[in-house]
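>>> coords below, sequence missing:
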């Protein structure tokens with residue numbers, strides 16, 4: 001009986017995944033239809049880059065970090081590129097190449113990190129700011145707390161200095 005429950009639960013999980021995949025495909029098709037109505041051409045590069053792959057983002061993150069480090073080492077002068085051997089890359093001791101490498105790595109890093117924060121953006125839209133009165137009250141409370149802590153530590157210092165002098169002697 002328990003094996004049947006496990007099989008049923010596994011089938012439910014598979015069904016949920018299939019439903020999610022179907023909903024995602026329908027949403028993508030709706031976007032494409034909307035673009036076709038408006039006369040826009042599909043953005044194939046953006047569609048390709050917006051897909052999420054499991055391992056590729058980790059590899060891209062590691063490569064981006066290595067590229068940034070390599071670019072910084074070249075800009076600092078820790079690594080040098082021979083101008084005579086490498087004409088295009090070695091121009092101006094590789095500084096131009098290094099800055100291009102850093103720029104591409106930062107863009108790659110952004111492509112990796114943005115999907116991680118994307119769910120937060122929709123939540124941030126629901127936040128409301130404080131009114132001016134509430135904001136000023138919070139600022140005043142913070143300053144009062146800071147002043148109280150300053151007085152507390154000053155008194156502790158006054159009390160502990162003589163004690164430390166006694167211990168030293």
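Great, that's in hand. Computed from a predicted structure; not experimentally measured.
>>> mind listing the helices for this protein?
Per DSSP state H, the chain carries helices over the ranges 2-38, 44-50, 56-76, 95-124, 132-168.
>>> any weak-confidence spans in the chain?
The model of the chain has pLDDT under 70 over residues 1-11, 13-14, 35-36, 39-54, 84, 86-93.
>>> how is it carved up into domains?
Here the domain assignment for the chain is 1-51, 54-127, 130-169, based on automatic domain parsing.
>>> Now mean neighbour count too, for the ones you listed, in JSON lines please.
The way it works is simple: take the backbone N, C-alpha and C, and place the C-beta from them, glycine included. Converted to JSON lines, these look like this (neighbours: other Cβ atoms under 10 Å):
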{"stretch": "domain 1-51", "mean neighbour count": "10"}
{"stretch": "domain 54-127", "mean neighbour count": "13"}
{"stretch": "domain 130-169", "mean neighbour count": "10"}
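>>> tell me the centre residue of the chain?
Centroid-nearest residue in the chain: residue 113, 3.8 Å away (criterion: Cα atoms, centre = their mean).
>>> Could you pull up the residues touching that residue?
Not one residue lies near residue 113 by Cβ atoms under 8 Å, 6 or more residues apart in numbering.
>>> That one and residue 66, how far apart?
Distance of residue 113 to residue 66, given as Cβ to Cβ, to the nearest Å: 16 Å.
>>> will you turn the helices of the chain into CSV that also has distance to residue 82?
As requested, those are exported to CSV (distance: least, Cβ to Cβ, whole Å):
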stretch, distance to residue 82
helix 2-38, 49
helix 44-50, 35
helix 56-76, 12
helix 95-124, 12
helix 132-168, 57
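>>> of all those helices, which lies closest to residue 83?
helix 95-124 (10.9 Å; Cβ to Cβ).
>>> Now do the closest one: distance to the chain's middle.
8 Å (Cα atoms, centre = their mean, to the nearest Å).
>>> Helix 56-76 and that helix, what's the angle between them?
140 degrees (axes from the mean of the first three to the mean of the last three Cα atoms, to 10 degrees).
>>> What is the distance between stretch 133-142 and the centre of its chain?
31 Å.
>>> which residues sit against that stretch?
Contacts of stretch 133-142 (Cβ under 8 Å, 6+ apart): 129-130.
>>> Equivalent analysis for stretch 98-112, please.
By Cβ under 8 Å, 6+ apart, stretch 98-112 touches 49, 57, 60-61, 63-65, 67-68, 70-72, 74-75.
>>> No further questions, thank you.
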